[in-house]
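Novice: show me how the following folds:
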Amino acid sequence: MASSKEYLQYIIEQLSDLEEITTRAMMGEYILYYRGKIVGGIYDDRLLVKPTKSALTYMPQAAYELPYEGAKAMLLVEDVDNREFLTGLFNTMYAELPERKTKKKTK
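Specialist: Take a look at the predicted model:
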């Protein structure tokens, strides 16, 4: 099941206090970037984030869920209606997120 654009727009609105939130559509789902780093995504109308140490500390009761078959487990964010919570989560995670990989240009 693909994620709806309405759910994506709702999550983006909830994150509107943050600058540089971008998305990329991928096979009916959406990858979320915060200041150029992948923080998580929207999968089957669920917000899932990378399981960083800070995210686990911020959401100690969070469940691990698979975004899709064969993928690594991510943390389910259940409190998507709380803007302050989401803003705090993304800000807390940012330092631990890996830098975006650049593609090597072929000659």
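Novice: show me what the lengthiest helix in the chain is packed against.
Specialist: Secondary structure of the chain per DSSP state H: the longest helix is helix 83-94. In terms of contacts (3 or more CB pairs under 8 Å, 6 or more residues apart in numbering; DSSP states H and E), helix 83-94 is packed against strand 29-34, strand 37-43, helix 53-58. For every residue, glycine as well, the C-beta is placed using N, CA and C.
Novice: pick the most buried one from the ones you listed.
Specialist: Burial of those is given as mean neighbour count (mean count of other CB atoms under 10 Å); strand 37-43 ranks first at a mean of 22.
Novice: got the angle between it and helix 83-94?
Specialist: Angle between the axes of strand 37-43 and helix 83-94 is 130 degrees (criterion: axes from the mean of the first three to the mean of the last three CA atoms, to 10 degrees).
Novice: helices or strands up against strand 37-43?
Specialist: Contacts defined by 3+ CB pairs under 8 Å, 6+ apart place strand 37-43 against helix 5-14, strand 29-34, strand 46-49, strand 74-77, helix 83-94.
Novice: highest mean neighbour count out of those?
Specialist: Taking mean count of other CB under 10 Å, strand 46-49 is the most buried of those, at a mean of 23.
Novice: dump it to CSV, restricted to CA.
Specialist: Provided in CSV are the C-alpha atoms of strand 46-49 (Å, rounded to 0.1, in the frame of the first residue of the first chain):
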residue,chain,number,x,y,z
ARG,A,46,3.3,5.7,9.0
LEU,A,47,6.2,8.1,10.0
LEU,A,48,9.3,6.0,10.6
VAL,A,49,12.7,7.3,11.7
